[in-house]
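>>> Predicted model follows, preceded by the sequence.
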Amino acid sequence: MFVAILSLIYMCFISFTLGLLVKRVMSRVIKADIDMIMALGIMASTVYAQSFSIFYRVNIECNIILLLISLVSLILCREDVKELFERARNSDIEVVRYRVFLLVILILFVAAISATEPLDYDSYLYHNQAIQWIERYGLVKGLGNLHHRFAYNSAMMSLQALFGFSFIGRSIHQVNGFICLLALYYVFCDLYLYRKAELLKKEFRASYIIKASMFFYILLNLQSISSPGTDFAPTIFFMYICGKWQEACEDKRQQTFYYLAPSLLAVFCVTLKLSVLPIAFLTFYLLYELLKKNKTKQAVIMLVGDLVIVLPYLIRNVIISGYLLYPMEKLDLFKVDWKMPKALVSADREEIKLCGREILHQSELNSSLKAWVQVWFKSLNLIERGIFCLTLLMICLVILSFIYKRFIKGNSKPGEVNEVYLQRESVLLTVLIIAFFYWFLSAPSIRFGMGVLLCLIAVAAGLLFGNSVKGAYTGMLFVFSLITLTSYSDGLMLSEANLIYPTDYKQFECEEVSYETKKGDSIIIYRPKEGDQSGYDVFPESPDADPKYLRLRGDSLKDGFMAIAE
């Protein structure tokens, strides 16, 4: 746990300094408070780790260079640091003390949870091995051929490798804990103002419901914080982006620079998981708005920022699988010898749909909507069913409200709809509705869509009902949170913990599979004797290791893998 605390502090420092650098580089178009600075720092760290992995392994060398960059950033941005301290000095001293105390408590709380033994099934299915490939070799051509799940190129894997600190002798699985720390700080940093009665005087906002929803989601996934999974971070960032965008609308911000930082994070969020792809529409809308207003320079800066974020992710996709996006075999743009077979990619895409829809047999995949929805709905627990049904109700009410205002009543305040912040609030709601149908009609696993459901309810409630139900809904979320905490806390409390280091991964018994190099030498790859899970202690390991279907491209693991045509 002691190392866990130090790693969280280190990640805070790196994210803060890199976030300041991003803010300064894009100072003409970005406005960012402290939590947004940290979020931009996480984004910058991830882009850096992905870019570094293209050329070299992400290990101690990568961290040393990053630390030097952070120190230089601190010097370059010293005026920004002074401004933050001056702002804190001029603020209410009780509020400052509360936020410092909150941060300390959250670091201790998150360190205690994230230092427990990783429990997620997928972490042993492919996460920890994928992270090790990045730590040891960086980017390996055709790695998806060794195990198709290695082609699930989430940017989180590179960030996990960067902050895994494997050079100390074991991997530190703390990144989800760090993202949880920043999310909890964002949720509770203004809570002290309730005591000062400042927030109570204001209208109750939809953004408060999004914050309450984030807290509920964190408690719902408390056991996953210690695992290097790829579901937690994109959902948290999705909800955070919606919260910051909604806050800007509620504060009646007209200027685009209040929305540009969330739109950059939206592109970054997509590189974490393709299931949140519709959030990128916020970026496209903002680009359209800038070009419409002839703000070409701002649009170019924003577009360059988006390209810097997404290019390393796309390059990694091509090198790992041979495809620009995986698993999209129809987007076949590159002729490379390490390309994964189209049949395998197609089968993997179908398997994702099967799992998301809770369908057991391939023959049922194209069954009617009514048939698979019944099977899927039965798989949800009571709280998940309630949230899903409430989301459907909100979508129906929003559509009916639009029809009523547009075609029956007309606009009672003709000038009001022209307010930019009102248009942007409507854009956010539209994006959330698109995200809902994108999730539901593709692979509606509740762990992929919970953030979409909760944010959609929050924003729709804000537009439809004002104060009349939002407070009640927030209270309901906190009740759900308490139920969730009570239900899941036993397993968490029984998890193994270590006073100094975070508890290591579980171990599995393996067998050796020999692969022949071009020179005729042998390289051993391990395969689990039972099941499909692998530990961190044995490397490289894959449940799909089989020389009948796979061969090495060269004389070492670094040269990558090729599929053998049947």
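Received it, and whenever you're ready, just let me know what you need.

>>> now the residue most central in space within the chain: how far from Met450?
The centre of the chain sits closest to Pro234, judged by C-alpha atoms, centre = their mean, with a distance of 1.8 Å. According to C-beta to C-beta, to the nearest Å, Pro234 and Met450 sit 11 Å apart. (Glycine included, C-beta is placed from N, CA and C.)

>>> got the CA positions of stretch 372-388 in PDB?
In PDB, the C-alpha atoms belonging to stretch 372-388 read as follows (Å, rounded to 0.1, in the frame of the first residue of the first chain):
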ATOM      1  CA  TRP A 372     -32.600 -11.500 -28.200                       C
ATOM      2  CA  VAL A 373     -33.800  -8.500 -26.200                       C
ATOM      3  CA  GLN A 374     -35.800 -10.800 -24.000                       C
ATOM      4  CA  VAL A 375     -32.800 -13.000 -23.300                       C
ATOM      5  CA  TRP A 376     -30.600  -9.900 -22.700                       C
ATOM      6  CA  PHE A 377     -33.100  -8.200 -20.400                       C
ATOM      7  CA  LYS A 378     -33.400 -11.300 -18.200                       C
ATOM      8  CA  SER A 379     -29.700 -11.200 -17.600                       C
ATOM      9  CA  LEU A 380     -29.800  -7.700 -16.000                       C
ATOM     10  CA  ASN A 381     -30.200  -7.300 -12.200                       C
ATOM     11  CA  LEU A 382     -33.000  -5.200 -10.700                       C
ATOM     12  CA  ILE A 383     -31.100  -1.900 -10.600                       C
ATOM     13  CA  GLU A 384     -29.800  -2.300 -14.200                       C
ATOM     14  CA  ARG A 385     -33.300  -3.000 -15.400                       C
ATOM     15  CA  GLY A 386     -34.600   0.100 -13.600                       C
ATOM     16  CA  ILE A 387     -32.000   2.300 -15.100                       C
ATOM     17  CA  PHE A 388     -32.500   0.900 -18.600                       C
END
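
>>> count of residues packed around Met214?
Met214 is flanked by 27 other residues according to other C-beta atoms under 10 Å.

>>> How about it: what's its closest non-neighbour residue?
By the measure of C-beta to C-beta, 6 or more residues apart in numbering, the closest residue to Met214 outside its immediate chain neighbours is Met239, 5.0 Å from it.

>>> Please verify my assumption that that neighbour contacts Tyr217.
Yes - using C-beta atoms under 8 Å, Met239 is in contact with Tyr217, at 6.8 Å.

>>> shared neighbours of these two, which are they?
Counting by C-beta atoms under 8 Å, 6 or more residues apart in numbering, the residues touching both Met239 and Tyr217 are Gly451, Leu454.

>>> any idea how far Ile524 is from Glu86?
Glu86 sits 60 Å away from Ile524, taking C-beta to C-beta as the criterion.

>>> same thing with Asp337?
Asp337 sits 23 Å away from Ile524, taking C-beta to C-beta as the criterion.

>>> Which residues are in contact with Ala39?
The neighbours of Ala39, taking C-beta under 8 Å, 6+ apart as the test, are Ser15, Gly19, Leu182, Phe237, Tyr240, Ala261, Leu265.

>>> show me the contacts for Thr46.
If you count contacts by C-beta under 8 Å, 6+ apart, Thr46 has them with Ala155, Met156, Ser158, Leu159, Leu162, Phe268, Thr271.

>>> And for Tyr258?
Under the criterion of C-beta under 8 Å, 6+ apart, the contact list for Tyr258 reads Lys31, Ala248, Asp251.

>>> Narrow the contacts of Thr46 to just the buried residues.
With burial judged by 16 or more other C-beta atoms under 10 Å, the buried subset of the contacts of Thr46 is Ala155, Met156, Ser158, Leu159, Leu162, Phe268, Thr271.

>>> Export the residues you listed as CSV, with columns for secondary structure, pLDDT and distance to Ile403.
Compiled in CSV, these are given as follows (DSSP: H, G, I helix; E, B strand; the rest coil; pLDDT from 0 to 100; distance: C-beta to C-beta, whole Å):
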residue, secondary structure, pLDDT, distance to Ile403
Ala155, helix, 94, 40
Met156, helix, 94, 41
Ser158, helix, 95, 46
Leu159, helix, 95, 44
Leu162, helix, 95, 49
Phe268, helix, 95, 36
Thr271, helix, 95, 37
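
>>> Any chance of JSON lines for those residues, columns distance to Tyr438?
Rendered in JSON lines, the data for those read as follows (distance: C-beta to C-beta, whole Å):
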{"residue": "Ala155", "distance to Tyr438": "20"}
{"residue": "Met156", "distance to Tyr438": "20"}
{"residue": "Ser158", "distance to Tyr438": "25"}
{"residue": "Leu159", "distance to Tyr438": "25"}
{"residue": "Leu162", "distance to Tyr438": "30"}
{"residue": "Phe268", "distance to Tyr438": "18"}
{"residue": "Thr271", "distance to Tyr438": "17"}
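
>>> Just name the closest of the residues you listed to Leu222, please.
Checking the buried ones among the contacts of Thr46 against Leu222 by C-beta to C-beta gives Met156 as the nearest, at 18.3 Å.

>>> So the closest one is in contact with Ile236, correct?
No - under the criterion of C-beta under 8 Å, Met156 makes no contact with Ile236, lying 11.2 Å away.

>>> Can you tell me the SS state at Glu511?
Recorded secondary structure, Glu511: strand (DSSP: H, G, I helix; E, B strand; the rest coil).

>>> Same question for the one 4 residues further on.
Under three-state DSSP, Tyr515 falls in the strand class.

>>> Wait, it touches Pro547, no?
Yes - taking contacts as C-beta under 8 Å, Tyr515 lies within contact range of Pro547: 5.8 Å.

>>> So those two - more neighbours on which side?
In terms of neighbours (other C-beta under 10 Å), Tyr515 is the more surrounded of Tyr515 and Pro547; the figures are 18 against 13.

>>> List the contacts of that one.
Contacts were defined as C-beta under 8 Å, 6+ apart; by that measure Tyr515 touches Ser522, Ile523, Ile524, Ile525, Pro547, Leu550, Arg551, Leu552.

>>> can you give me phi and psi for Val29?
Dihedral pair for Val29: phi -130, psi 0, per degrees, to the nearest 10.

>>> Number of residues surrounding it?
The burial metric for Val29, expressed as a neighbour count using other C-beta under 10 Å, is 22.

>>> and the gap between it and Cys77?
For Val29, the distance to Cys77 equals 17 Å [C-beta to C-beta].

>>> same question, Asp33
Applying C-beta to C-beta, one obtains 15 Å for the distance of Asp33 from Cys77.

>>> More neighbours: those two, which one.
Between Asp33 and Cys77, counted using other C-beta under 10 Å, the more crowded position is Cys77 (23 against 14).

>>> Looking at Tyr488 now. What's its pLDDT?
Per-residue confidence for Tyr488 comes out at a pLDDT of 54.

>>> Please read the previous query as pertaining to Met340.
91.

>>> Tell me which residues touch it, please.
Met340 makes contact with Gly142, Gly144, Asn145, His148, Ala151, Ser321, Gly322, Tyr323, Tyr326, Ala563 under the criterion C-beta under 8 Å, 6+ apart.

>>> Which pair in those has the greatest spatial separation?
By the measure C-beta to C-beta, these have their two most distant members at Tyr326 and Ala563, which lie 14.3 Å apart.
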